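S.K.: got a predicted structure here, sequence first:
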Amino acid sequence: MLLGILLHAAIGYMVRPMGGLLWPLEHQQKSYGLDLLFWWIHGWRIPLFFVMAGFFAAMLARRRGARGFLKHRVRRILLPVTAATILILPAMYYLWGWGWQIEGRATWEEVSRVSFDDPAIDDAYLGPAHLWFLNYLVVYAFAYWALLKARGDRHDIAPGRIERALFDSALRPFVFALPTCVALFVFPGMYLAYHHTLPRTGGAWAFEFCQLAYQGYFFVVGVYLFRLHRDMAEQTKWTGAYLAGSVVAFAATMVFARRYFAHVDRGGGFGTLDRLGLAISVSLFCWLMIWGMTGLGLTVLAKPRAWVRWLSDSAYWVYLVHLPLVALGLLLLRGWAVSPWVKFTLIVAGASVATLVSYRYLVRFTPIGRALNGPRKRGGS
C-alpha cells in the first residue's frame, strides 16, 4: 500500500494521465518519466494486493471458520472503510475543489452547492476515490463467506493435480494471463481508464461489474494459492526470469498504450491487432510481476523482521489517509518553478513522514490502531 503514495504523487505531473481521472490541478510541469512510473506501478500493484487478500482470506477462514471470518472482515474492512468514507472523502472533495477553483474550472459557489457547470467535473466528482478497492474487498469477503457457508464451512480440501501443476509450472504467468487477456481485449479501459465514480448510465454500471469480476479473478487465485501454502518454495523458482520478462512486457505495454491514447485523441477506433497487443502485453506484465514479486517476497522476507512487520502494520493507515496529504502538497507547490521530480520527491517524502509518524504516535496503540490491525503491545509486535 505504500506504493500508493508514489502512484498518486506521480499523477499530478504526468504528461498523459489515465482517462477519466479527475485531479485537483492539470496545468503543471510534466515529466514522461512519471508517466512510466505510474503505469508501471498501476500494472501490478492492485492485482497483487487482491491475490494476497485472497490468500489471507483463506488463511483466516481456516483459522476462525466462516462466522469468525465474517466478524473479522466486518471489523477490519467494512467499519474502517465506512469511517474513512465519512471522514476522509469530504476533506478530499474540498481539496479538489480548491484546485478546480485555482485553475478556473469551478467556483467556490459550485463547490459549496455540489453542482458544477464543467461536465467533466459534474460527471466524475462523486465516488469512493482511492477507497474503491476496499469496497471491492468487502464484496469479495461477503461472497467468500457465503461460499464457506454453502459448502459446510469446510477448509480441508486438498489441492488437485491440475491445480498443483498450474501453480508450480514455470509457465504459470502465461497460463494465468489468459483470462486477464480476454477481459482486457474486451475492455482496454480496465487498465487505461479510471471509472470508480457514481455511474450515471447503465453502461457505466455494466463496466463497473466487469471491473469487479476482473479484480475478483485475482482474489480467487489467491484463495487457491493458499491451498498450496505448504509448498510455497515452488513459488520462488524463476523469480529472476519473471522480473526480467516483465521489463520486456512493460515496454510493449507502453507502446500499445501510446497507440491507444492516440486513437482516443483522434476520436477513432482502436484496431483489433492493437487491442490484442495491448491485452497481451498488459496481462503478461501483470502476471510476471505478480509471480516475480511473490517469489522475491518469499525469498527476501523469509526471515521475520520487526521493521517489516511495523511497516506492514502501518500500511493500512498510510493508505487510508495519504491522498489528502498528496493533494495538499500538489496544491502548495503549484507555483514553484522547479523540476516536477523535485516536487514529486517532496510530496512523497512529506506524505510518507506525516503518515508514518502519525501512525506511530497517534494510531498504533489507540482504538484506531486496534480497529485496523488488532491490539499491539508497546515494545513488541
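M.R.: Cool, the structure landed.

S.K.: so where's this structure shaky on pLDDT?
M.R.: Confidence mapping of the chain against pLDDT under 70 gives the ranges 1, 153-159, 197-207, 230-231, 302, 379-381.

S.K.: the residue sitting furthest away from the middle of it in helix, strand or coil?
M.R.: Ranked by distance from the centre of the chain (C-alpha atoms, centre = their mean), the top residue is Glu109, with 33.2 Å. Secondary structure, DSSP: H, G, I helix; E, B strand; the rest coil: Glu109 is helix.

S.K.: and for Gly127?
M.R.: coil.

S.K.: tally of neighbours for it?
M.R.: By other C-beta atoms under 10 Å, 17 other residues sit near Gly127. From N, CA and C alone the C-beta is placed, and that goes for glycine too.

S.K.: just Asn373 next, same as before
M.R.: Other residues within reach of Asn373, judged by other C-beta under 10 Å, total 18.

S.K.: from Phe344, how far off is the closest residue to it other than its chain neighbours?
M.R.: Ranked by C-beta to C-beta, 6 or more residues apart in numbering and with sequence neighbours excluded, the top spatial neighbour of Asn373 is Asp313, at 5.0 Å. Relative to Phe344, Asp313 is positioned 26 Å away (C-beta to C-beta, to the nearest Å).

S.K.: residues touching the residue most central in space within the chain, list them.
M.R.: When C-alpha atoms, centre = their mean is applied to the chain, the residue found nearest the centroid is Ile46 (3.3 Å). Listed by C-beta atoms under 8 Å, 6 or more residues apart in numbering, the contact partners of Ile46 are Phe133, Gln215.

S.K.: quick revisit: and the gap between the residue nearest to Asn373 and Gly104?
M.R.: The gap separating Asp313 from Gly104 is 43 Å, by C-beta to C-beta.

S.K.: more neighbours: which of these two?
M.R.: Between Asp313 and Gly104, counted using other C-beta under 10 Å, Asp313 has the larger neighbour count: 19 against 9.

S.K.: next structured bit after the helix or strand harbouring the more buried one?
M.R.: Using DSSP states H and E, Asp313 sits in helix 306-332. Per DSSP H and E, the first helix or strand lying C-terminal to helix 306-332 is helix 340-358.

S.K.: quick one: buried residues of stretch 227-234?
M.R.: Across stretch 227-234, burial judged by 16 or more other C-beta atoms under 10 Å covers Arg227, Leu228, Met232, Glu234.

S.K.: ends of that stretch, how far apart?
M.R.: 13 Å (C-alpha to C-alpha, to the nearest Å).

S.K.: now the buried residues of stretch 227-234 in CSV, with secondary structure and distance to Phe365?
M.R.: Formatted as CSV, the buried residues of stretch 227-234 follow (DSSP: H, G, I helix; E, B strand; the rest coil; distance: C-beta to C-beta, whole Å):
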residue, secondary structure, distance to Phe365
Arg227, coil, 36
Leu228, coil, 36
Met232, helix, 32
Glu234, helix, 39
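
S.K.: which one of these is nearest to Lys30?
M.R.: Taking C-beta to C-beta as the measure, Lys30 lies nearest Met232 of those, at 42.3 Å.

S.K.: that closest one and Leu298 touch, don't they?
M.R.: Yes - if you go by C-beta atoms under 8 Å, Met232 and Leu298 touch, sitting 6.0 Å apart.

S.K.: and the gap between the residue farthest from the centre of the chain and Leu126?
M.R.: In terms of C-beta to C-beta, Glu109 sits 18 Å off from Leu126.

S.K.: next one: Leu87
M.R.: Here Leu87 is placed at a distance of 17 Å from Leu126 (C-beta to C-beta).

S.K.: got it, and Ile46?
M.R.: Ile46 sits 21 Å away from Leu126 when distances are taken as C-beta to C-beta.

S.K.: with Ala233 instead?
M.R.: When C-beta to C-beta is the yardstick, Ala233 and Leu126 sit 47 Å from each other.

S.K.: ok, now Arg309?
M.R.: For Arg309, the distance to Leu126 (C-beta to C-beta) stands at 37 Å.

S.K.: how about Trp108?
M.R.: Between Trp108 and Leu126 the computed distance is 18 Å (C-beta to C-beta).

S.K.: what of Leu284?
M.R.: 35 Å.

S.K.: more neighbours, those two?
M.R.: Legend: neighbour count by other C-beta under 10 Å for Leu284 and Leu126, higher for Leu284 (23 against 14).

S.K.: doesn't the more buried one fall inside a helix?
M.R.: Yes - assignment of Leu284 by three-state DSSP places it within a helix.

S.K.: pretty sure Asp118 sits against Gly104.
M.R.: No - using C-beta under 8 Å, Asp118 is not in contact with Gly104, being 9.7 Å away.

S.K.: ok, Phe261 - contacts?
M.R.: Phe261 makes contact with Arg16, Gly19, Leu192, according to C-beta under 8 Å, 6+ apart.

S.K.: what sits against the spatially closest residue to Cys181 that is not a sequence neighbour?
M.R.: Excluding the flanking residues, the one nearest Cys181 by C-beta to C-beta, 6+ apart is Ser283, at 4.1 Å. Under the criterion of C-beta under 8 Å, 6+ apart, the contact list for Ser283 reads Ala177, Leu178, Thr180, Cys181, Leu184.
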